[in-house]
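[1] I would like to see how this sequence folds:
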Amino acid sequence: MTLTFETSEASPPQDWDAAVEALDGTVFHSSHWAELQRQVQGCRPVFVLGRDGDAGGAAGVALALFRQSRRPLASWILRSLELPAYPVAKGGDPALVAALLDETERFARRLGCARILVGSNFSGASTLSLPSRGYATTDRTEFEVDLQADADALWQAVRKDQRDRIRKLGQAGVEFAWTAGTDAIEALAAVRESALERRLEREQGFELPSDAEYYRRLHAALLAPGAARLLMAKQGGAVIAAILYATFARKAYSVFSGSTEAGYKLGAQTGLYWYAVTTFKDEGYRLLNRGGVPAAAADESHPLHGIYRFKHRLGTTPVLCRSGEKVLSPFKDGVARLRGAVARWRQPSRSPA
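    Okay, the predicted model is just below:
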């Protein structure tokens, strides 16, 4: 196959999302995810389309995000290109996937980037080898469920203690529902704040945007166009747990989740997981991904092992995902690292809570 490339910045080519879906891509290749990152991070999306030079149709796609410093002079040095996920190609052809990555890397060099990063969201099935292409890699584990499996088999795959918990949630009057309306944002913000407090207590803190504008943009970019929905657990009419799934091309990916103290004690996230499995399966979805953790979390001594164990006990299959990065300009990368080190040195140390 003769492959030709088209690269578009800021706006996707016509019928981009249809091409992504036809090539078995995910939400992380979609225009919806690109728009969310543009609004939230201020980056510039780059859409790389590979065409079959003979037939003319889409043969592969890659989405990348171009970031640079907001300061005019520094922006010529502090710039990078990041792919949220591996490129995808017709039939999963590894040669086409590699060609798309090479083209994206060439574009990053033309932009004068210090480095290129390749994320591995929903990319565990790819046969692309990053180390063989000069990338330093980091391993993650994601947890997937084949929704095309028999419903009874999916239920039996859930560990017995978790199945018992799901039954008890019904006895406790916990109900489940989903929404893509603006009410989803308020519920998500509340339970995520609660989850953050507990994780900080366990020294497992994560960055959480707390401004209302962030959630408004999340709704506009993902929920409103149907690329996400919020699943909620309620008790007595109050939301006690929620999880946001990105939904695209009949695949669902867990993006954010959280529980109130009451929801945490009841194990409401377990019930939400099963509600997601049954809901998406009934709607013809093919795959559910419960998100990931560092691969090292499989070790009992790792601080995130509890999260690894919980996701695995839901009946999911652990899938190895490998992220990577490559330095394109040693000088620019050195300046960026020095700037980061100085910024961390200047940052005041946090007082114990």
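[2] wait, a strand at Leu81?
    Yes - applying DSSP: H, G, I helix; E, B strand; the rest coil, one finds Leu81 inside a strand.
[3] what is it paired to in the beta sheet?
    Assessed by DSSP bridges, Leu81 has beta-bridge partners Phe66, Ile116.
[4] also Ala58?
    Arg51.
[5] so it sits against Gly25, correct?
    No - at 10.2 Å, Ala58 does not count as touching Gly25 under the criterion of CB atoms under 8 Å. Just so you know, the C-beta spots here come from the backbone N, C-alpha and C atoms, and that holds for glycine as well.
[6] and the two? Which one has more around it.
    Taking other CB atoms under 10 Å, Ala58 and Gly25 do not tie; Gly25 has more neighbours (26 against 21).
[7] the more buried one belongs to a strand, doesn't it?
    No - looking at Gly25 with three-state DSSP, it is coil, so not inside a strand.
[8] residues touching it, list them.
    By CB atoms under 8 Å, 6 or more residues apart in numbering, the contact set of Gly25 is 61, 88, 249.
[9] how does it look with 10 Å?
    Going by CB atoms under 10 Å, 6 or more residues apart in numbering, Gly25 touches 16-17, 19, 60-63, 85-89, 122, 248-249, 251.
[10] quick check on it: phi, psi?
    Main-chain dihedrals, Gly25, degrees, to the nearest 10: phi -80, psi -170.
[11] per-residue pLDDT of it, please?
    In the predicted model, Gly25 carries a pLDDT score of 97.
[12] repeat that for Ser351.
    37.
[13] which elements pack onto whichever helix or strand Ala153 is part of?
    Using DSSP states H and E, the element containing Ala153 is helix 151-157. When contacts are defined as 3 or more CB pairs under 10 Å, 6 or more residues apart in numbering; DSSP states H and E, helix 151-157 sits against strand 136-146, helix 160-171, helix 268-282.
[14] would you map the helices across the stretch 251-353 of the chain?
    For the stretch 251-353 of the chain, the helices defined by DSSP state H, counting those that start in this stretch occupy 261-266, 268-282, 305-313, 330-346.
[15] and the angle for the last one with strand 79-83?
    Per axes from the mean of the first three to the mean of the last three CA atoms, to 10 degrees, the angle that helix 330-346 makes with strand 79-83 is 90 degrees.
[16] buried set for helix 330-346?
    By neighbour count with 16 or more other CB atoms under 10 Å, helix 330-346 contains the buried residues 332-333, 336.
[17] and the contacts of Gly25, which of them are in strands?
    With DSSP state E as the criterion, strands contain 60-63, 88-89, 248, 251 from among those.
[18] common neighbours of Ala58 and Gly25, please.
    Each of 16, 19, 89 lies in contact with both Ala58 and Gly25 under the rule CB under 10 Å, 6+ apart.
[19] want to throw those into a markdown table with neighbour count, distance to Val293 and pLDDT?
    Converted to a markdown table, the shared contacts of Ala58 and Gly25 look like this (neighbours: other CB atoms under 10 Å; distance: CB to CB, whole Å; pLDDT from 0 to 100):
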| residue | neighbour count | distance to Val293 | pLDDT |
| --- | --- | --- | --- |
| Trp16 | 21 | 31 | 97 |
| Ala19 | 23 | 31 | 97 |
| Ala89 | 27 | 28 | 96 |
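[20] ok so, going back, quick one: buried ones out of the contacts of Gly25?
    Using 16+ other CB under 10 Å as the burial test, the contacts of Gly25 include 16-17, 19, 60-63, 85-89, 122, 248-249, 251 as buried.
[21] of all the residues you listed, which comes closest to Ala276?
    Using CB to CB, Lys251 comes nearest to Ala276 of these, at 12.2 Å.
[22] correct me, but that closest one touches Phe280?
    Yes - using CB atoms under 10 Å, Lys251 is in contact with Phe280, at 8.9 Å.
[23] and for these two, which residues touch both?
    147, 245, 286-288.
[24] of all the residues you listed, which two lie farthest apart?
    Farthest pair in the shared contacts of Lys251 and Phe280 (CB to CB) is Tyr245 and Arg286. Separation: 13.8 Å.
[25] more neighbours: the two, which one.
    Each of Tyr245 and Arg286 has its neighbours counted (other CB under 10 Å); Tyr245 has more, 29 against 14.
[26] distance of the more buried one from Glu142?
    In this view, Tyr245 and Glu142 are 14 Å apart by CB to CB, to the nearest Å.
[27] torsion angles phi and psi at the closest residue to Trp16 other than its chain neighbours?
    Excluding the flanking residues, the one nearest Trp16 by CB to CB, 6 or more residues apart in numbering is Ser31, at 5.4 Å. Backbone geometry at Ser31, expressed as degrees, to the nearest 10, gives phi -70, psi -30.
[28] pretty sure Ser31 is in contact with Asp17, am I right?
    Yes - Ser31 is within contact range of Asp17, at 5.5 Å (criterion: CB under 10 Å).
[29] just to be sure, Ala108 is in a strand?
    No - Ala108 is assigned helix when assessed by three-state DSSP, not a strand.
[30] got a list of what Trp274 touches?
    Neighbour list for Trp274: 154-155, 158, 162-163, 165-166, 169, 176, 314-315 [criterion: CB under 10 Å, 6+ apart].
[31] any weak-confidence spans in the stretch 51-200 of the chain?
    Within the stretch 51-200 of the chain, the stretches with pLDDT under 70 are 195-200.
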